[in-house]
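Undergrad: Model the following, please.
(2 chains)
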Amino acid sequence: MNDPTIAMALTHFPALVIFSFLVSVVFGVLGKETPRERFLYGAKVFGWFVGTALVLGWLMFRIPK
Amino acid sequence: MPEETLAAKPDKLAASRPKISKLVRLCVAAWLAPGLGHLLLGRRWRALILFASIITMYGLGLAMQGQFFSTASGSYLQTLGYYGELCVGLAMPAARFFGYAGGDPFFVSSDYGTAFLVSAGMLNVLAVLDCYDIAMGRKS
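TA: Take a look at the predicted model:
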């Protein structure tokens, strides 16, 4: 399993989106009671994860090297 | 609320509280396999979603060659990482059993993989706490 040819190489953004999705699902399931509340809360958490990363990425892009 | 009801509520809660041994069994089950505690409490869908999410995250961490930390290095951060990864329960020994040697730190996605492994452990801690709360009657 340590052979890198069969390992999964992800760039930062797909890794971020997958991570955010899975964490949002768990937060939604554990944090709220009704299915609707869970969906809305999960969507909100997902949006915050991805949105914050994009904003921070854009700000860092603006910083001169 | 009448005084009688207020006085009776803590007694009622104490009466419905499960035994310590049952709580420990539930929490250990929830730690060993993500979602198992919820399954034992009859929350089948919640158990399935938790299991799928946490195990997917752990599996992706392994696929990205995330590192297994150890307590042998003497570094506090490595030790914390080890306990974080251990929080997924049987997944870590199972991965070792099936031949995962602990990741390749020079692989391009290894750092992301390590973050996935530790995060899966932390999510399982939340699941264990949720299971405890349900068993105590604080959540439905």
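
Undergrad: Just give the number of residues close to residue 50.
TA: No chain was given, so I picked chain A. Close neighbours of A:Val50, defined as other Cβ atoms under 10 Å in any protein chain shown, add up to 17. For glycine as for every other residue, the C-beta is placed from the backbone atoms N, C-alpha and C.

Undergrad: try again with chain B
TA: Neighbouring residues of B:Leu50 were enumerated by other Cβ under 10 Å; the total is 29.

Undergrad: Can you give me the buried ones in the helix or strand encompassing it?
TA: In this assignment (DSSP states H and E), B:Leu50 forms part of helix B:44-63. Within helix B:44-63, the residues scored as buried using 16 or more other Cβ atoms under 10 Å in any protein chain shown are B:46-47, B:49-51, B:53-63.

Undergrad: how close does the residue nearest to the spatial centre of chain A get to A:Ala7?
TA: Central residue of chain A (Cα atoms, centre = their mean): A:Ser20, 2.0 Å from the mean position. For A:Ser20, the distance to A:Ala7 under the criterion Cβ to Cβ, to the nearest Å works out to 22 Å.

Undergrad: shaky segments in chain B?
TA: For chain B, applying pLDDT under 70 flags the ranges B:1-16.

Undergrad: The longest helix along it close to chain A?
TA: Longest among the helix segments of chain B by residue count, using DSSP state H, is helix B:110-136. Yes: contact between helix B:110-136 and chain A is present through B:112, B:115-116, B:119, B:123, B:126-127, B:130 (criterion: Cβ under 8 Å from any Cβ of the partner chain).

Undergrad: Enumerate every residue touching the residue nearest to B:Phe116 when sequence neighbours are not counted.
TA: By the measure of Cβ to Cβ, 6 or more residues apart in numbering or on different chains, the closest residue to B:Phe116 outside its immediate chain neighbours is B:Gly61, 3.3 Å from it. Contacts were defined as Cβ atoms under 8 Å, 6 or more residues apart in numbering or on different chains; by that measure B:Gly61 touches B:113-117, B:119-120.
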